[in-house]
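Student: Sequence and predicted structure are below.
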Amino acid sequence: MRFSSFTYLVGQGLHNLRANRLMTFASMGVLTVCMLLIGAAYLLGVNIDAMVEYIGDQNETVVYMNIDASEEQIAAADAAIRSTEHVVGVTYVSPQEVLTIYNDALSDYINLEEAFANDNPFYPNYRVVVDSPDNISVVKQQLEQIDGVYRVNAPLELSNIFVSLQKTISYACYAIVAVLAVVSIVVINNTIKITVFNRRKEIGIMKLVGATNGFIRFPFFVEGVTSGLIAAAIASGVVCGAYYALCRWYAENPTNLSQMFGGQLVPLTDVWYYIVGGFAVLGFVLCGIGTATSIRKHLNV
């Protein structure tokens, strides 16, 4: 296609946007609303997934060393624990530190430091943080093989609950996104078909005077792509702007519940490109290709 023909067809497509602005606004409006719903469902799923993961990461695995473990055994165990795969955090707690913790917690009832001044019954231990609840069971088995380890307490049941909850919520939110995407496709496709049907005579005349199918389709394609990208830009601006405001409000109004879930939402900087890119692809595919293919049966003149 020559450049002059290309610019002419692009100009015709943009002209059609203005000439058929009522149907253009209708399709853009429907697509924008669908994108807003999809964006909201996506952000909900991402944040719930992050919150569940945060709660799961707070569960510590406690590695108890033998009460009579030597300094050499503790040092060797320390190196072995820190080098264990999937372990991302290790904190050593001496028997005296354990005694102090319990003494502070029970100070209103008893002085444990005096009671156990000459016979500390607590075990030296390590508080281990695993990178994912999925890996706690594997890490527990590895830690139990380390020389000098007396017992390993791992929140296996709780981690299984978090993993199941995380997967269930993620699948549910992504299923909502998929359903809304299908609804968008159906609604937009019907809107496009109405638009093309209203201009079937124009298509027939162009076909009768010798215009090729590609020549006829291209202005419709440009019209559809432009309206789809405009709808994507509007939806991206609304979703990103509203989410940014929500993140600021959430951070400036902390509650006990929000602190339990990590104190903040997933930053906009981590998700905006998925939103903008996804909306752009959705607008291009639904409106651009949808418009070009919807005129197929009207080309048989």
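Tutor: Okay, I see it.

Student: center of the chain, which residue is that?
Tutor: Nearest residue to the geometric centre of the chain (CA atoms, centre = their mean): residue 46, 3.0 Å.

Student: Can you name the residues that contact that one?
Tutor: 266, 271 (CB atoms under 8 Å, 6 or more residues apart in numbering). All C-beta spots, glycine's among them, are computed from the backbone N, C-alpha and C.

Student: you'd agree it is in a strand?
Tutor: No: assessed with DSSP: H, G, I helix; E, B strand; the rest coil, residue 46 is helix; it does not lie in a strand.

Student: Show the pLDDT at it.
Tutor: For residue 46, the pLDDT comes out at 84.

Student: What of residue 271?
Tutor: For residue 271, pLDDT reads 91.

Student: how about the strands in this protein?
Tutor: Under the criterion DSSP state E, strands of the chain are mapped to 61-65, 87-93, 125-130, 149-153.

Student: what's the weakest-modelled helix or strand in the chain?
Tutor: helix 256-260 (a mean of 53; mean pLDDT, DSSP states H and E).

Student: is it true that residue 207 touches residue 216?
Tutor: Yes: between residue 207 and residue 216 there is a contact under CB atoms under 8 Å: 6.6 Å.

Student: which one of these two has more residues nearby?
Tutor: residue 216 (20 against 17; other CB atoms under 10 Å).

Student: Flag the shaky bits of the stretch 51-200 of the chain, pLDDT-wise.
Tutor: Scanning the stretch 51-200 of the chain for pLDDT under 70 picks out the ranges 53, 55-59, 156, 158-159, 162-163, 184-185, 187-189, 191-192, 195-196.

Student: So what's the residue count around residue 186?
Tutor: 11.

Student: Quick check: the gap between the residue lying closest to residue 125 once chain neighbours are set aside and residue 115.
Tutor: Leaving aside its sequence neighbours, residue 125 sits nearest to residue 64 (CB to CB, 6 or more residues apart in numbering; 4.8 Å). Look at residue 64 and residue 115: by CB to CB, to the nearest Å, they are 21 Å apart.

Student: quick one, which of these two is more surrounded?
Tutor: Between residue 64 and residue 115, residue 64 has the larger neighbour count (other CB under 10 Å), namely 16 against 12.
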